[in-house]
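Peer 1: Got a sequence here, can you model it:
(one chain, ligands or ions: 1)
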Amino acid sequence: MKIISATIHAVRFPLREPFIISYATYPDMPAVILKLETDTGLVGYGEAVPDEHVTGEYFLSAYEVLKEILVPSIIGENPFNIEEIHHKMDAAIWGNPAAKAAIDIACYDLMGKATGQPVYNLLGGQAHDKLEYPRVLSIEAPEIMADKAVKAVRDGYSSLKLKVGKGDPMDDVARIKAVRKAVGPEFPIRVDVNQGWRTPGVAAAAIRELEGENLKWIEQPIRMGDIRGLADVRRKVAVPVMADETLHGMEELHEIVRLEAADVLNIKLMKCGGIFPAVHIAKAAEAAGLQCQVGSMVESSVASSAGYHVVMSRANIQSAELTGPLLFSEEIGDLKYELPEVLLSGEPGLGIEVDEAQLEKLTVKKDEVGLAGRAS
Ligand SMILES: [Mg+2]
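Peer 2: From the prediction side, this is the model:
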């Protein structure tokens, strides 16, 4: 099997309501959908959802990088040669993990379709009985977040993820305490600060206020480049610390382990470059005694299902937060969410159907790259 051409779509996924986190507000979610075509007639789908604040990529930059550099670098390759494909991509351009993830995911979709197996069976099989997902609450006033939390519990969610990290950290403490009070002492709550508490001293002071709130963990309390600072926070508080933006690939993992900077890692395909590197990170983390979760950049069924296949295949990935399809008012895939679980279909590849008409409808720009290696 050989990759002979690719169609690259820049799309905008409309959101049901704006997604608000500490460093950005998104009215809709721009992404790139990649379709790899092979000489066997099989096609594989991939997706890039760049977060400009985390990897420095933008959806139109990822689009151009795919069109001009990455796709031409892997045309003619067999998608099973994923190690070689990653080496070729890394030799063609440094960084750009979301754009690389699009190719990686499409290759796994092809491998699965060619072998008649769901992707998780190519990675490690089924390490979990079920895959659950939390209700993610945007940053709002304490009473609004508390009301939404109560509704989520009533709807059947099994955990909550609270976005905080905007304004005065003590306002965040009030948000978290209001939600905890509303849902009772035991309901699983995780908190994501998205770097919003900036410095170790401020973060440690805020977390100390939360030590009686029974939180599963506090995610990325300080700015992403400060791994030593994260270790500092971790030493000063009793709540487990999760690294998200701080962790991109193996280099950061090495530093996090060396400095004992986190208890839990949030792996994202868009930060590390796809399924292949994500599995490697999880495996290396296991050797260091760290638990992992797979998160997302608010991705459609394409990249979200890719993330769930990784989760399914690894025992030390104990949580997943890929809820993009639930946040979109229009989508292109059919990954199945049945509260509180996500159900992978077990069909070959990613196990989803991509609605081509819907993809065309949401496309704002499109190109084809053929065997000659240039846009046609
Ligand atoms: Mg996060």
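Peer 1: Got phi/psi on the residue of the chain found nearest the ion?
Peer 2: With Cβ to the ion as the measure, residue 244 is the residue of the chain nearest to the ion, at 3.6 Å. Backbone N, C-alpha and C define where each C-beta goes, glycine included. Phi and psi for residue 244, reported as degrees, to the nearest 10, are phi -120, psi -80.
Peer 1: Quick check, pLDDT for it.
Peer 2: Turning to residue 244, the model gives it a pLDDT of 98.
Peer 1: and if you look at residue 160?
Peer 2: pLDDT, residue 160: 98.
Peer 1: Let me see the contact set for it.
Peer 2: Counting by Cβ atoms under 8 Å, 6 or more residues apart in numbering, residue 160 touches 134, 135, 137, 149, 152, 153, 179, 183, 187, 188, 189, 190.
Peer 1: With adjacent residues omitted, what lies nearest to it?
Peer 2: Nearest non-adjacent residue to residue 160, counting by Cβ to Cβ, 6 or more residues apart in numbering: residue 189, 4.9 Å away.
Peer 1: Strands of the stretch 251-376 of the chain, residue ranges please.
Peer 2: Along the stretch 251-376 of the chain, the segments classed as strands by DSSP state E, counting those that start in this stretch run 264-268, 291-295, 317-321, 336-338, 341-343, 363-369.
Peer 1: Over to residue 30. Which of the three states is it?
Peer 2: strand (DSSP: H, G, I helix; E, B strand; the rest coil).
Peer 1: where's it relative to residue 10, distance?
Peer 2: 7 Å (Cβ to Cβ, to the nearest Å).
Peer 1: quick one, which of the two is more surrounded?
Peer 2: Legend: neighbour count by other Cβ atoms under 10 Å for residue 30 and residue 10, higher for residue 10 (22 against 19).
Peer 1: Any buried residues in the helix or strand where the more buried one lies, and which?
Peer 2: Secondary structure assigned from DSSP states H and E places residue 10 in strand 3-21. Buried residues in strand 3-21, counted by 16 or more other Cβ atoms under 10 Å: 3, 5, 6, 7, 8, 9, 10, 11, 13, 15, 19, 21.
Peer 1: Next: stretch 315-322.
Peer 2: For stretch 315-322, the neighbour count (16+ other Cβ under 10 Å) marks 317, 319, 320, 321, 322 as buried.
Peer 1: remind me, longest helix of this structure?
Peer 2: helix 97-115 (DSSP state H).
Peer 1: What's the mean pLDDT across that helix?
Peer 2: Helix 97-115 carries an average pLDDT of 98.
Peer 1: Around the ion, which positions in the stretch 201-350 of the chain sit nearby?
Peer 2: Residues of the stretch 201-350 of the chain lying close to the ion (Cβ under 5 Å from the ion) are 219, 244.
Peer 1: got it, and the stretch 51-200 of the chain?
Peer 2: Contact residues, the stretch 51-200 of the chain versus the ion (Cβ under 5 Å from the ion): residue 192.
Peer 1: Past the strand or helix carrying residue 64, which element shows up next along the chain?
Peer 2: Using DSSP H and E, residue 64 sits in helix 59-65. Beyond helix 59-65 in the direction of the C-terminus, DSSP H and E gives the next helix or strand as helix 71-74.
Peer 1: circling back to that earlier point, residues in contact with the helix or strand that comes right after the longest helix of the chain?
Peer 2: Downstream of helix 97-115, the first helix or strand assigned by DSSP H and E is helix 120-123. The contact list for helix 120-123, computed with Cβ under 8 Å, 6+ apart, reads 108, 111-112, 115, 126, 275, 279, 309-310, 312-314, 344.
Peer 1: wait, what's in contact with the spatially most central residue of the chain?
Peer 2: Nearest to the mean C-alpha position of the chain, counting by Cα atoms, centre = their mean, stands residue 296 at 1.9 Å. Counting by Cβ under 8 Å, 6+ apart, residue 296 makes contact with 49, 268, 269, 270, 303, 304, 307, 321, 322, 323, 324.
Peer 1: Spatially nearest residue to it, not counting backbone neighbours?
Peer 2: Spatially, and ignoring its direct neighbours in sequence, residue 296 is nearest to residue 322 (4.1 Å; Cβ to Cβ, 6+ apart).
Peer 1: rewinding a little: could you identify the most distant pair in the contacts of helix 120-123?
Peer 2: Spatial extent of the contacts of helix 120-123 (Cβ to Cβ) is set by the pair 115 and 314 at 19.7 Å.
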